[in-house]
Structure formats: C-alpha cells, structure tokens
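Student: Task: produce atomic coordinates for the following.
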Amino acid sequence: QVQLVESGGGLVQAGGSLRLSCAASGRTFSSGAMGWFRQAPGKEREFVAGIRRSAGTTDYAGSVKGRFTISRDNAKNTVYLQMNSLKPEDTGVYYCAATSITFATMTNPQRYDYWGQGTQVTVSS
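Tutor: Reported below is the predicted structural model:
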C-alpha cells in the first residue's frame, strides 16, 4: 500500500502563489507516475499536472501550463506543485495521486491506484 499526504493548501489572493507537497510512504515504486488533480464544487475531478518517476517527464493541463510547475524529489518520495499567478478558477480541492504503471499519458484519473485526502486551495478575486 501507498499512503499519500498533501499539504500546502490555503487561501491566497489572485496573482499569488502556493506550493503544494505530496509525501508518499509505504510501498514505493521506481516506475510509474504521480499526478495532481483538482475538483471544484459541482465539477468533475480534472487533471492538473503529472510527472513520471524515472524519466521525470511532465505534462500539464492547458489551463495551468506556464503557471504551474510539478517536480519531484525521489529521495524524499515527495512531489511538489508550484502554483504561480493563481486565478479564482484555480480554486478547488487538490489531490495527489500515484500509479505504479508508466502510461503514455497521465491525464486519466482512473489509471491512478492511490490517492491522498486532498488539500483545499482557495483563490480570492
């Protein structure tokens, strides 16, 4: 089993920044990927960013590209999401997810086996 714990959420004004962290414990994998998803009230969970464990290649949703950066520290089993130039539409619960399989794309939430509890991000206008 893998446990994922997110931290770093909060309330920020539009244009501000936050950095989310996701610490993984338990069983670890040398392959696969970790991703960040978010869910706003009344909306479906959507892909935000993903990073492959071994290669470190990344992918971003179009709405966050150029503003958010995903990174990893394999030694600490931690993934980060640096969020800059935040907008009110970035508001939602942000979830960290992990999969042991390296897929061609990282955007499908159904391909992730493990999920954190989520951390709230609220961006005020």
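Student: what's the neighbour count on Glu89?
Tutor: Using other CB atoms under 10 Å, Glu89 has 11 neighbouring residues. In short, each C-beta sits where N, CA and C put it, glycine included.
Student: ah, wrong one, I meant Arg45
Tutor: As a burial measure, Arg45 scores 16 neighbours (other CB under 10 Å).
Student: Now for it: which residues touch it?
Tutor: Phe37, Arg38, Gln39, Tyr95, Pro109 (CB atoms under 8 Å, 6 or more residues apart in numbering).
Student: and the residue most central in space within the chain, which of the three is it?
Tutor: Of all residues in the chain, the one closest to the mean position by CA atoms, centre = their mean is Trp36, 1.9 Å from it. The three-state assignment at Trp36 reads strand, by DSSP: H, G, I helix; E, B strand; the rest coil.
Student: which residue packs closest to it, ignoring adjacent ones?
Tutor: Spatial nearest neighbour of Trp36, chain neighbours left out: Val48 (4.3 Å); criterion: CB to CB, 6 or more residues apart in numbering.
Student: burial of the one you found, as a residue count?
Tutor: Counted with other CB under 10 Å, Val48 comes out at 24.
Student: Renumber starting at 45 from here on
Tutor: Done: numbering now begins at 45, and the last item shifts to Val92.
Student: about what we covered before: assess the claim that the residue nearest to the centre of the chain and Tyr139 are in contact.
Tutor: Yes - using CB atoms under 8 Å, Trp80 is in contact with Tyr139, at 7.1 Å.
Student: what lines up beside the helix or strand harbouring Gln47 in the sheet?
Tutor: Per DSSP states H and E: Gln47 is located in strand 46-51. According to DSSP bridges, strand 46-51 has the following sheet partners: strand 62-70 (antiparallel).
Student: Let me know the average pLDDT across the strand it pairs with.
Tutor: Over the span of strand 62-70, the pLDDT mean works out to 95.
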